[in-house]
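K.L.:
Pasting a predicted model and its sequence here:
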Amino acid sequence: MKLVKARRSYGHEISIAPLIDVVFLLIIFFMTVSQFTRVEVELIELPKAKTGEPGGTGLGGRLIVNVRQDKSIWVSGKTYTPASLRAMLAKVVAKKPANEITVLVRGDRRMPWGTAAEVMDACAAHGISQVRVAVVEPSQSD
């Protein structure tokens, strides 16, 4: 009688299905986050200055106000008039103290800066003192 030794098989297999699920969830998450960033930051040409607030993406708890070349005011993808901006700022100040609110004004360099001054006046009217203006550093050739 011939005895056959049974080979032991350790059934350790790596299932990649959960890994694929996690990768897809991460892709969806990062696509969604990048979309929110694009809504807050309009594609405008910022003024040049040697010192100032970097005009990059909207990070942190800032309220980002974009003023386009055509004098339109945009906040989080919505357009505002100076009067409706004041009303929106009043709602923001009602939810959070004015000294904890930072407003980043991103104004197009080709627009008349009177509109940006209106935004700053609206912030001052509601007691918001942390108002920053976004700029870009001039290149060596400027």
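P.N.:
On my side now, so go ahead.
K.L.:
rest of the way, CA atoms for contacts and neighbours
P.N.:
Will do.
K.L.:
gap between the longest helix along the chain and the chain center?
P.N.:
In the chain, with assignment by DSSP state H, the single longest helix is helix 17-40. Computed by C-alpha atoms, centre = their mean, to the nearest Å, the chain-centroid distance of helix 17-40 equals 16 Å.
K.L.:
swap in stretch 68-85?
P.N.:
When distances are taken as C-alpha atoms, centre = their mean, stretch 68-85 is centred 16 Å away from the chain's centroid.
K.L.:
Buried residues of that stretch, list them for me.
P.N.:
By neighbour count with 16 or more other C-alpha atoms under 10 Å, stretch 68-85 contains the buried residues 68-69, 71, 73-76, 80, 85.
K.L.:
Include secondary structure and distance to residue 103 when you put those into a markdown table, please.
P.N.:
A markdown table is the format used below for those (DSSP: H, G, I helix; E, B strand; the rest coil; distance: C-alpha to C-alpha, whole Å):
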| residue | secondary structure | distance to residue 103 |
| --- | --- | --- |
| 68 | coil | 16 |
| 69 | coil | 19 |
| 71 | coil | 18 |
| 73 | strand | 13 |
| 74 | strand | 13 |
| 75 | strand | 11 |
| 76 | coil | 13 |
| 80 | strand | 15 |
| 85 | helix | 12 |
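K.L.:
which regions of the chain lie under the pLDDT threshold?
P.N.:
Within the chain, the segments meeting pLDDT under 70 span 1, 6, 8-11, 35-43, 45-61, 139-142.
K.L.:
Give the closest residue to residue 98 in space, chain neighbours not counted.
P.N.:
For residue 98, the nearest residue in space outside its immediate sequence neighbours is residue 128; the separation is 4.9 Å by C-alpha to C-alpha, 6 or more residues apart in numbering.
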